[in-house]
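**Q** got a structure for you, letters missing:
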């Protein structure tokens, strides 16, 4: 998906959602790879109280590789990020 300078300016402050509809936060910055003239990643400010706020233990933001961006329009849609399952298996000693 081609990106222009105007598109980069419009990208900042857009709301970010996952493909499953979870709200992430807002785009705060765009990281560029100037040697290849490509967008490298998006810097997302995590919204408080969201699943990502809990998943990232209260961190203020996250960097999302541009390869995870699915669509850009009125909002930005990224691939869904799931929290890894933690096994709560109890091992009985004999």
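**A** Good, I have the coordinates. Predicted model only: the values in this text are computed from it and were never measured.

**Q** next structured bit after the longest strand along the chain?
**A** Ranked by residue count, the top strand of the chain under DSSP state E comes out as strand 23-33. Next helix or strand after strand 23-33 toward the C-terminus (DSSP states H and E): strand 38-46.

**Q** May I see the buried residues of the top helix by length along the chain?
**A** For the chain, the helix with the greatest residue count under DSSP state H is helix 5-11. Neighbour-count burial for helix 5-11, counted by 16 or more other CB atoms under 10 Å, picks out residue 11. C-beta here means a position set from N, CA and C on the backbone, and glycine is covered the same way.

**Q** Quick check: which helices or strands does that helix pack against?
**A** Other elements packing on helix 5-11 under the criterion 3 or more CB pairs under 8 Å, 6 or more residues apart in numbering; DSSP states H and E are strand 23-33.

**Q** The strand it packs on vs strand 38-46, what angle?
**A** 150 degrees (axes from the mean of the first three to the mean of the last three CA atoms, to 10 degrees).

**Q** Now do strand 23-33, average pLDDT.
**A** Computed over strand 23-33, the mean pLDDT rounds to 92.

**Q** Strand partners (parallel or antiparallel) of it?
**A** strand 15-18 (antiparallel), strand 38-46 (antiparallel) (DSSP bridges).

**Q** which residues of the chain score low on pLDDT?
**A** For the chain, the stretches with pLDDT under 70 are 1-6, 58, 82-94.

**Q** Show me what residue 46 is bridged to.
**A** residue 25.

**Q** wait, isn't it in contact with residue 57?
**A** No. Judged on CB atoms under 8 Å, residue 46 makes no contact with residue 57 at a distance of 10.5 Å.

**Q** So for the two, which sits in the more crowded spot?
**A** Neighbours were counted for residue 46 and for residue 57 using other CB atoms under 10 Å; residue 46 has more, 23 against 6.

**Q** Tell me the spacing between the more buried one and residue 74.
**A** 20 Å (CB to CB, to the nearest Å).

**Q** which residues does residue 76 contact?
**A** 11, 14, 15, 16, 17, 27, 42, 69 (CB atoms under 8 Å, 6 or more residues apart in numbering).

**Q** Sort out which of the residues you listed are buried, if you could.
**A** 11, 14, 16, 17, 27, 42, 69.
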